[in-house]
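# sequence first, predicted coordinates after that:
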Amino acid sequence: MSTSQKEAVFAAVTSVLSESNVQFEEGSDAAPLLTREFRAQVTSILVEGFKSGTIALDKSFEDDSA
């Protein structure tokens with residue numbers, strides 16, 4: 001069973017912040033805490049999840065990487 005995009009984003013953000021010892025409470029706005037580096041880490045986690053199929057895509061996209 002794959003994870004929804006919403007759940008995956010939340011899990012990726014909380015994981016990246018936790019690993020960096022940044023305090024974050026569920027329900028608060030994480031945007032101010034996400035530096036460029038943290039965003040890149042979150043993106044990397046999500047892309048891997050989409051590629052492996054562990055995160056469900058809301059719509060399909062064609063693979064442009066040629």
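In hand now; what should we look at?

# for the top helix by length along the chain, name the packing helices and strands.
Ranked by residue count, the top helix of the chain under DSSP state H comes out as helix 36-52. Judged by 3 or more CB pairs under 8 Å, 6 or more residues apart in numbering; DSSP states H and E, helix 36-52 is in contact with helix 5-19. (C-beta placed from N, C-alpha, C; glycine too.)

# quick one: contacts of the longest helix of the chain?
For helix 36-52, contacts defined as CB atoms under 8 Å, 6 or more residues apart in numbering pick out 3, 8-9, 12-13, 15-17, 20, 22, 34, 55, 57.

# buried members of those into PyMOL, please.
Buried members of the contacts of helix 36-52, defined by 16 or more other CB atoms under 10 Å, are picked up in PyMOL with:
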select buried, resi 8+9+12+13+16+17+34+55
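
# turn the contacts of helix 36-52 into TSV, columns for pLDDT and distance to V47.
TSV is the format used below for the contacts of helix 36-52 (pLDDT from 0 to 100; distance: CB to CB, whole Å):
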residue	pLDDT	distance to V47
T3	88	14
A8	95	11
V9	94	12
A12	96	10
V13	96	14
S15	95	14
V16	96	14
L17	96	18
S20	94	19
V22	93	22
L34	95	16
I55	91	9
L57	80	12
